[in-house]
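Asker: Kindly return the folded structure for what I paste below:
(4 chains)
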Protein chains: 2
Amino acid sequence: MTEESTSRDAAAAPPSGKERRAGARPTLADIAQAAGVTRMTVSNALNGRGGVSDDMRERIREIAREKGYVTNWVAKKLSDSRSGSETGIIGVIAEIHTPFMGEVVSAISGAVRDQGRDMLVYSLPDPGKSFPGNVLDLLLHAVDGVIAVIPRDTRDFHMLAAAGVPMVVVDPLKETIDMPSVAADSYGGACCAMRHLIELGHRKIAFLAGEARRLSAQERLRGYRDVLREAGLAYRAEYVVEAGFLPEPARPATEGLLALDDPPTAIFAGNDASALSAISTIEQAGLSVPEDISVVGFDDVSLASQARRGLTTIRQPFADIGAAAVQLLLDLRAGDPEAATRHITLPVELIRRETTAPPRGDGLRR
Amino acid sequence: MTEESTSRDAAAAPPSGKERRAGARPTLADIAQAAGVTRMTVSNALNGRGGVSDDMRERIREIAREKGYVTNWVAKKLSDSRSGSETGIIGVIAEIHTPFMGEVVSAISGAVRDQGRDMLVYSLPDPGKSFPGNVLDLLLHAVDGVIAVIPRDTRDFHMLAAAGVPMVVVDPLKETIDMPSVAADSYGGACCAMRHLIELGHRKIAFLAGEARRLSAQERLRGYRDVLREAGLAYRAEYVVEAGFLPEPARPATEGLLALDDPPTAIFAGNDASALSAISTIEQAGLSVPEDISVVGFDDVSLASQARRGLTTIRQPFADIGAAAVQLLLDLRAGDPEAATRHITLPVELIRRETTAPPRGDGLRR
DNA sequence: CTGAAAGCGCTAACAG
DNA sequence: CTGTTAGCGCTTTCAG
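Answerer: This is a model prediction of the structure:
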């Protein structure tokens, strides 16, 4: 009897009998049985692997379709682990809700797609908390590599790298200089922004400093100081205030600047978010930009050009950053020995728009 | 000769010998061997499953740590498939780069975390293209369910649902009304915005229509028309222009409105992105908001309050939307029969800020 | 061109 | 408390 039901897959008991528990997805075996062949044949047919006659393949495909078969990704991956094949998916760790990150993630998305891969984004949990284990494990086993955009917790981050996951960092932190990275030329951009302001005639230039952990923030500060010195201008501690690359802290920071006995005639903001916030603060104080105070940002997020007054800023080559990060990751994965210590810096560009002008009443260089 | 090199893995080269190929991650067996116990014991020890003496457990943990053991997520998942346990990971499909989506995704992120789960975001590829197979499969097998925020291609989307993946839609499309969904009360919000304008004395109100596929866009238009009627105002076709919920198309749309023989005194924009763009366009035309023209948005994305002139808008309860979506997904997964047809609509709220005022020279209702 | 055997790394279910 | 036996669903040998 049992024999029969096994050998016999032809006509009988379909309404119930042999079916798997409800909700279970059909497996290779199910459709093989229905087609009257082995699982291997089905596998070969479905994956276009050859060794199957054309009509058989067509027939199998048809059955698979109507049964709603989808290959079990997990099983496939486990099986493939022997031959070490790729999944075609790249993991991205980022905080997607800030404008800068958004631009970077979009760029990576495009680059990944150009390479015929795909990506999954993991948005970090609260600062200080480490990754939940399951996501970490998933990342460890389900993706070909990870691109991290400003990780909060570098511990897990190093852990991933130690476990052998190819990994590249965009806009690195102090703690991640030991990993391959991609970043825009923050120092060069800062110098460029500062020289622009100085050429316009500004002598009193403030700086809205960014998140200190980020190398880019440090580099921009360095550029600020160096150009000041190069122009023979003194560094004034009261002109450098923390704004953490965020709009909220930029507001009181700017107010503090305006309240100074000798307020600046220009502000170089560490990034666009703080620049936009600074402008809004200045205007609320009854002054205008750029007539009373010039402002330069950094990043050129899409918002910068959409603002009522186009923001003069330093453009980050987002598309190039994304492409470089993906390429670096692929090289790394391919075993390129030199890739592991590669740090790519991409050139930036000054975009002059409407928030910078010569300081008030300054016809001539004094 | 060749023979020799083949056979010769025996004694000679063995700085190592028994070790697995370099780069391979240690498995349960490896650490079991090192500890002199069985794989099961290690598994039990590492997963705190009981049945292991305390010092043995400690010893095993130590060995695992130094060997850099991490549990193979894929293998675990495959094994678990029998008992149908959860992964604790929720998939989110969205286009993360628009402000609205960003807010929604952030909100979902928070809600997911409150539930002790985590999420992975898949950002959609180009319109019209279907999901790449591997991501689809991954989603199918690696997550407990999927929350979709405005899918582009609903075909794959339905496919996922058909394959038995619990799924909820945020801000649904016409094509997805058959799936459980969560949305803000667009109709109510639109009515609210319109009444606000009318109470202020406006009689000539234009509408920047949103992306037509989205139910929310249709509902806002319906609210616009209904309130017009309710106030005894005529519907004027030239006052309703397409802006697709995006900043770029909103610009020419607004210019068209300003160029009308009888331009509106107020604009109700389908969302904040188009509202902000409209304001910028109006100001560039030498007019001012709200003195010459009032503008109301919809969404209350964080940008709305940061604008130089705070945007009057309809606030979406993002946090509630995220929480509701996650809860609905969990209910669905838990098998709640009624959840499959649940459509949740959340109340919205008018936020009066600085972009609305009575129309110029309108002291009295004429 | 198709079938049988073995195994990827892990865990549930019973033995000892 | 520890060890053994099976098997998740798929793929890579290697025969037929």
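Asker: From here on, just use CA atoms for contacts and neighbour counts.
Answerer: Fine.
Asker: Around DNA strand C, pick out the residues from chain A.
Answerer: A:37-38, A:40-41, A:50-54, A:56, A:75, A:78-82 (C-alpha under 7 Å from any atom of the strand).
Asker: What segments of the stretch 151-300 of chain A are helices?
Answerer: Here the stretch 151-300 of chain A has its helices, by DSSP state H, counting those that start in this stretch, at A:154-162, A:186-199, A:215-230, A:247-258, A:272-284.
Asker: So which of the residues of chain A next to DNA strand C are in helices?
Answerer: A:40-41, A:54, A:56, A:75, A:78-80 (DSSP state H).
Asker: Looking at the helices of the stretch 151-300 of chain A, which is nearest to A:D320?
Answerer: helix A:186-199 (14.9 Å; C-alpha to C-alpha).
Asker: which SSE is the residue nearest in space to the middle of chain A in?
Answerer: The C-alpha lying nearest the average C-alpha coordinate of chain A belongs to A:V105 (C-alpha atoms, centre = their mean; 3.5 Å). Assigning secondary structure by DSSP states H and E places A:V105 in helix A:99-114.
Asker: quick one, that helix and helix B:99-114 angle?
Answerer: With axes from the mean of the first three to the mean of the last three C-alpha atoms, to 10 degrees as the basis, helix A:99-114 and helix B:99-114 are set at 90 degrees to each other.
Asker: Can you mark which positions in helix A:99-114 are buried?
Answerer: A:99-113 (16 or more other C-alpha atoms under 10 Å in any protein chain shown).
Asker: Ranking by neighbours, what's the top pick from the residues of chain A next to DNA strand C?
Answerer: Counting neighbours by other C-alpha atoms under 10 Å in any protein chain shown, A:T41 leads those with 22 neighbours.
Asker: And the closest residue to it other than its chain neighbours, its phi and psi?
Answerer: Spatially, and ignoring its direct neighbours in sequence, A:T41 is nearest to A:V52 (6.9 Å; C-alpha to C-alpha, 6 or more residues apart in numbering or on different chains). Phi and psi for A:V52, reported as degrees, to the nearest 10, are phi -130, psi 140.
Asker: dump the residue contacts of A:V52.
Answerer: A:41, A:44-45 (C-alpha atoms under 8 Å, 6 or more residues apart in numbering or on different chains).
Asker: Which single one of the ones in helices among the residues of chain A next to DNA strand C is nearest to A:L124?
Answerer: Looking across those and measuring by C-alpha to C-alpha, the closest to A:L124 is A:L78, at 27.0 Å.
Asker: any idea how far the closest one lies from A:E62?
Answerer: 27 Å (C-alpha to C-alpha, to the nearest Å).
Asker: Give me the neighbour count for A:E349.
Answerer: 18.
Asker: Quickly note the distance from it to DNA strand C.
Answerer: Applying C-alpha to the nearest atom of the strand, to the nearest Å, the value for A:E349 to DNA strand C is 48 Å.
Asker: Then A:E354?
Answerer: Counting by C-alpha to the nearest atom of the strand - A:E354 and DNA strand C are separated by 59 Å.
Asker: is it true that that residue touches A:A307?
Answerer: No. A:E354 is not in contact with A:A307 according to C-alpha atoms under 8 Å; the separation is 10.0 Å.
Asker: Low-confidence regions, chain A specifically.
Answerer: A:1-23, A:125-130, A:362-366 (pLDDT under 70).
Asker: ok so, going back, the contacts of A:V52: which ones sit near DNA strand D?
Answerer: Among the contacts of A:V52, the residues that sit close to DNA strand D (C-alpha under 7 Å from any atom of the strand) are A:N44.
Asker: Using a markdown table, please lay out the contacts of A:V52 together with distance to A:L138.
Answerer: As requested, the contacts of A:V52 are exported to a markdown table (distance: C-alpha to C-alpha, whole Å):
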| residue | distance to A:L138 |
| --- | --- |
| A:T41 | 30 |
| A:N44 | 28 |
| A:A45 | 29 |
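Asker: Which one of the contacts of A:V52 is nearest to A:R225?
Answerer: A:N44 (64.7 Å).
Asker: How about the residues of chain A by DNA strand D?
Answerer: A:27-29, A:39-40, A:43-44, A:47, A:70-73, A:75-76, A:78-80, A:83.
Asker: Just the buried ones among those, please.
Answerer: Looks like those have A:27-28, A:39, A:43, A:70-73, A:75, A:78 buried, using 16+ other C-alpha under 10 Å.
Asker: Identify the residues contacting the residue nearest to A:R195 when sequence neighbours are not counted.
Answerer: Closest residue in space to A:R195, ignoring its immediate chain neighbours: A:V227 at 6.9 Å, by C-alpha to C-alpha, 6+ apart. For A:V227, the contacting residues are A:191, A:194-195, by C-alpha under 8 Å, 6+ apart.
Asker: In those, which residue is surrounded by the most others?
Answerer: Busiest of the contacts of A:V227 [other C-alpha under 10 Å] is A:M194, holding 26 neighbours.
Asker: Quick check: that one vs B:A162, distance?
Answerer: On the measure of C-alpha to C-alpha, A:M194 and B:A162 end up 58 Å apart.
Asker: How about A:G322?
Answerer: A:G322 is 35 Å from B:A162, by C-alpha to C-alpha.
Asker: Settle it for me: which of those two has more neighbours?
Answerer: The neighbour comparison of A:G322 against B:A162 (other C-alpha under 10 Å) goes to A:G322, with 25 against 12.
Asker: That one reaches A:V104, doesn't it?
Answerer: Yes. The pair A:G322 and A:V104 passes the contact test of C-alpha under 8 Å, sitting 6.5 Å apart.
Asker: about what we covered before: among the buried ones among the residues of chain A next to DNA strand D, which are within reach of chain B?
Answerer: Applying C-alpha under 8 Å from any C-alpha of the partner chain, the subset of those adjacent to chain B comprises A:70-73, A:75, A:78.
Asker: for the nearest residue to A:P166 once chain neighbours are set aside, what are its contacts?
Answerer: Excluding the flanking residues, the one nearest A:P166 by C-alpha to C-alpha, 6+ apart is A:G145, at 4.7 Å. Residues near A:G145 by C-alpha under 8 Å, 6+ apart: A:89-91, A:165-167, A:329, A:333.
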